[in-house]
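> Turn this into a structure:
(chains A, B, C and D)
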There are 2 protein chains.
Amino acid sequence: MALERNTAQRRAILDAIVKTDRPLTPDEILQAAREAVPRMGMATVYRAVKALEASGKIVAVELPGEGRRFEAAGKKHHHHFHCRGCGRMFDLHGCTGNFQALLPAGFRMEDHEVFLYGQCRECSRNR
Amino acid sequence: MALERNTAQRRAILDAIVKTDRPLTPDEILQAAREAVPRMGMATVYRAVKALEASGKIVAVELPGEGRRFEAAGKKHHHHFHCRGCGRMFDLHGCTGNFQALLPAGFRMEDHEVFLYGQCRECSRNR
DNA sequence: TGTTAACTGATATCGTTCTCTCATTACCAC
DNA sequence: GTGGTAATGAGAGAACGATATCAGTTAACA
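All right, here's what the predicted structure looks like:
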């Protein structure tokens, strides 16, 4: 079904995601992929992203109050930083958690997420 | 301007939020408030919630990929648990974080969020 | 190279959350 | 009480991300 053909668009989209070390919004993906295929449309991004996600090549990252972003699959466990200056999302490395301690009796934890908010390097400098 | 009159609707809405120890969606607020004012409409919930938030009586909580929820302001620092069984959000108490350690050089952290996912007490039991 | 079905881009449409409009209701200062 | 006006309820509508449609294009395989 999906993603059977190796088109310039899909190569550009996967490339954009894999070569960037932070999660990208569909819009950021479109901007990046248009450097290779200038007339690409948004629908193509959504179609490719859906197929790439289904095939396990990329994963979705969601930030509270924001749309979905996508990054390459297979990275080791990590969390994210959201810059309030430029709105970009960055990868953090490692995880300090002992989150089991927060869990009320009887609750079962399957997963956890940590988000840090603040100013990225560039935005820290520019003020 | 807003929230100048003490109406039954606004009392019911603030009551619903304050008396529940977990963040509520606008829909959950409407359901709860309708026990006091059966014919209440959704717009009233949104209007009241907006005014209550502006006045600092409640705060918004956002979960990745979900709409906004609201809880009483003034609670001490805490995080949230999202049950994948029933979809409800619960308060956790305390915070284990030493998140500064995750921060890349040059980044400035202003805030952090932790979300745990899994099954709440009831949903753990019912399976 | 030719055939054909998958893919593409443009646009319309969706679904969800939230806001607006407006006629009616009801709070509250007097 | 009464009047002025903020607040309400119901439904329309905006905003947004995401999906469907469809005619035209192109990869892949013989």
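> What pLDDT is listed against residue A:39?
Predicted confidence (pLDDT) at residue A:39: the value is 94.
> near DNA strand C, which residues of chain A?
For chain A, the contact set with DNA strand C under Cβ under 7 Å from any atom of the strand comprises A:1-5, A:7, A:9-10, A:37, A:39-44, A:47-48. To be clear about C-beta, it is placed using only N, CA and C from the backbone, and glycine gets the same treatment.
> What is the burial count for residue A:69?
23 (other Cβ atoms under 10 Å in any protein chain shown).
> Tell me how far residue A:96 lies from DNA strand D.
29 Å (Cβ to the nearest atom of the strand, to the nearest Å).
> Give me the secondary structure label for that residue.
coil (DSSP: H, G, I helix; E, B strand; the rest coil).
> doesn't residue B:97 make contact with it?
Yes - counting by Cβ atoms under 8 Å, residue A:96 does reach residue B:97; the two are 6.7 Å apart.
> List the contacts of the residue most central in space within chain A.
Centrality entry for chain A: nearest residue to the mean C-alpha point is residue A:23, 2.5 Å, by Cα atoms, centre = their mean. By Cβ atoms under 8 Å, 6 or more residues apart in numbering or on different chains, residue A:23 lies in contact with A:61, A:69, A:70, A:71, A:80, A:89, A:91.
> Tell me the one among those nearest to residue A:110.
residue A:61 (17.3 Å; Cβ to Cβ).
> Among the residues of chain A next to DNA strand C, name the buried ones.
For the residues of chain A next to DNA strand C, a burial check counting by 16 or more other Cβ atoms under 10 Å in any protein chain shown picks out A:3, A:9, A:10, A:37, A:40, A:44, A:47, A:48.
> Tell me which of those residues fall in helices.
Among these, DSSP state H puts A:9, A:10, A:44, A:47, A:48 in helices.
> Show me what the strand ranked longest in chain A is packed against.
Determined from DSSP state E, the single longest strand within chain A is strand A:108-119. For strand A:108-119, the packing partners by 3 or more Cβ pairs under 8 Å, 6 or more residues apart in numbering or on different chains; DSSP states H and E come out as strand A:80-83, strand B:108-119.
> Adjacent strands (with direction) for the shortest one?
When pairs are called by DSSP bridges, strand A:80-83 turns out to pair with strand A:89-91 (antiparallel), strand A:108-119 (parallel).
> Adding mean neighbour count and mean pLDDT, write those out as a markdown table.
Listed next are these as a markdown table, based on neighbours: other Cβ atoms under 10 Å in any protein chain shown; pLDDT from 0 to 100:
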| stretch | mean neighbour count | mean pLDDT |
| --- | --- | --- |
| strand A:89-91 | 18 | 94 |
| strand A:108-119 | 18 | 93 |
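> now these in JSON lines, with distance to DNA strand D?
Conversion of the strands paired with strand A:80-83 to JSON lines gives the following (distance: least, Cβ to the nearest atom of the strand, whole Å):
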{"stretch": "strand A:89-91", "distance to DNA strand D": "14"}
{"stretch": "strand A:108-119", "distance to DNA strand D": "17"}
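> Residues of chain A that sit close to chain B?
Residues of chain A lying near chain B by Cβ under 8 Å from any Cβ of the partner chain: A:62-65, A:68, A:79, A:81, A:84, A:90, A:92-99, A:101-121, A:124-125.
> Just give the closest residue to residue A:122, not the sequence neighbours.
Spatially, and ignoring its direct neighbours in sequence, residue A:122 is nearest to residue A:86 (7.0 Å; Cβ to Cβ, 6 or more residues apart in numbering or on different chains).
> buried sites along the helix or strand containing residue A:31?
Here residue A:31 sits within helix A:26-33, counting by DSSP states H and E. By neighbour count with 16+ other Cβ under 10 Å, helix A:26-33 contains the buried residues A:26, A:28, A:29, A:30, A:32, A:33.
> That helix and DNA strand D in contact?
Yes - against DNA strand D, helix A:26-33 shows contacts by Cβ under 7 Å from any atom of the strand at residue A:26.
> Mind giving me the packing neighbours of that helix?
helix A:8-18, helix A:42-54, strand A:68-72.
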